[in-house]
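[1] how would this look folded up:
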Amino acid sequence: MAEQRKAPVPEPPVPVASGTPTLARPGRRERNKQEKLARIVSAARALFQQQGFSDTTTQQIAEAADIGAGTLFLYARSKEDLLVLVFRDEMMETARSAFARVDETAPLLDQLMQVFATMAAYHEQDQTIARILLKEIMFPDAIGRQNDIAELLDVIFAGCAALIEKARQAGRLGPGAAPLQIAENLFANYYLGLLGWLGGRTSSRQFLLRLRQLSAITLGCEA
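    Sure, this is the predicted structure:
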């Protein structure tokens with residue numbers, strides 16, 4: 001009589017702590033998509049920095065990323081669109097780092113100027129790229145990039161609003177408009193001043209000095 005095989009005993013399930021979410025691993029298709037995007041961003045950033053934006057072609061970027069030109073346009077509709085995609089994360093990280101390094105003992109106006117000066121210094125590294133980026137931020141032509149820009153602005157608005165709210169709670173700023181509305185006004189002054197500076201109408205020193213004066217008016221404090 002043949003020996004009867006015993007059915008394998010199933011392993012007990014791994015216990016999961018109550019309330020702890022389990023993160024599903026992305027599928028192969030999604031992982032491939034993320035890998036291609038990473039290669040595109042890396043290739044575009046390297047080429048933009050090595051030979052400049054105007055001298056870089058989408059074909060060169062596709063070849064460096066080891067993908068077809070048609071595949072590249074699934075991720076970005078144009079070279080300008082791709083530029084925002086490439087530098088979005090850097091701009092967001094610059095803004096987040098600026099807020100994280102703010103001197104909490106300084107007056108609110110000084111805190112805000114620390115943030116704006118840090119963001120301006122980022123753009124000063126490559127003013128040619130900065131001019132194109134600001135144009136694309138003002139007039140994005142793709143839904144994906146509109147979302148990217150909205151996310152960047154949310155980081156800046158929320159950071160400024162948080163500083164304003166802390167100053168009010170500490171009694172260093174009087175009552176007034178909602179912090180988010182004030183933050184939007186502050187950024188509007190920063191953005192217009194940035195355009196003037198990058199457009200050659202003012203120096204960086206004049207830009208930041210004027211921004212400080214306008215920000216003081218918005219906050220209702222001394223410059």
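[2] spell out, range by range, the helices that occur in this protein.
    Applying DSSP state H to the chain gives helices spanning 28-51, 58-64, 69-75, 79-100, 108-124, 127-138, 143-169, 179-198, 204-219.
[3] quick one: the last one to helix 127-138, angle?
    It stands for helix 204-219. Counting by axes from the mean of the first three to the mean of the last three CA atoms, to 10 degrees, helix 204-219 lies at 30 degrees to helix 127-138.
[4] could you do the fifth one as well?
    Put simply, helix 108-124 runs at 110 degrees to helix 127-138, going by the same axes, to 10 degrees.
[5] next, the buried residues of the helix or strand of the chain with the lowest mean pLDDT.
    Taking mean pLDDT, DSSP states H and E as the measure, the chain has helix 127-138 as its least confident helix or strand, at a mean of 85. Taking 16 or more other CB atoms under 10 Å as the neighbour-count basis, helix 127-138 is seen to contain the buried residues 129-134, 136-137. From N, CA and C alone the C-beta is placed, and that goes for glycine too.
[6] closest to the centroid, which residue in this structure?
    Residue closest to the average C-alpha location in the chain (CA atoms, centre = their mean): Met92, at 2.4 Å.
[7] for it, give me the pLDDT.
    Note for Met92: predicted pLDDT of 92.
[8] where does this structure have low pLDDT?
    Along the chain, segments meeting pLDDT under 70 span 1-25, 140-144.
[9] that older thread, what helices and strands are in contact with the least confident helix or strand of the chain?
    Contacts of helix 127-138 with other secondary structure elements, assessed using 3 or more CB pairs under 8 Å, 6 or more residues apart in numbering; DSSP states H and E, are made with helix 79-100, helix 108-124, helix 143-169, helix 179-198.
[10] how about JSON lines for the ones you listed, with distance to Thr57 added?
    Putting the helices and strands packed on helix 127-138 into JSON lines (distance: least, CB to CB, whole Å) gives the following:
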{"stretch": "helix 79-100", "distance to Thr57": "8"}
{"stretch": "helix 108-124", "distance to Thr57": "24"}
{"stretch": "helix 143-169", "distance to Thr57": "20"}
{"stretch": "helix 179-198", "distance to Thr57": "24"}
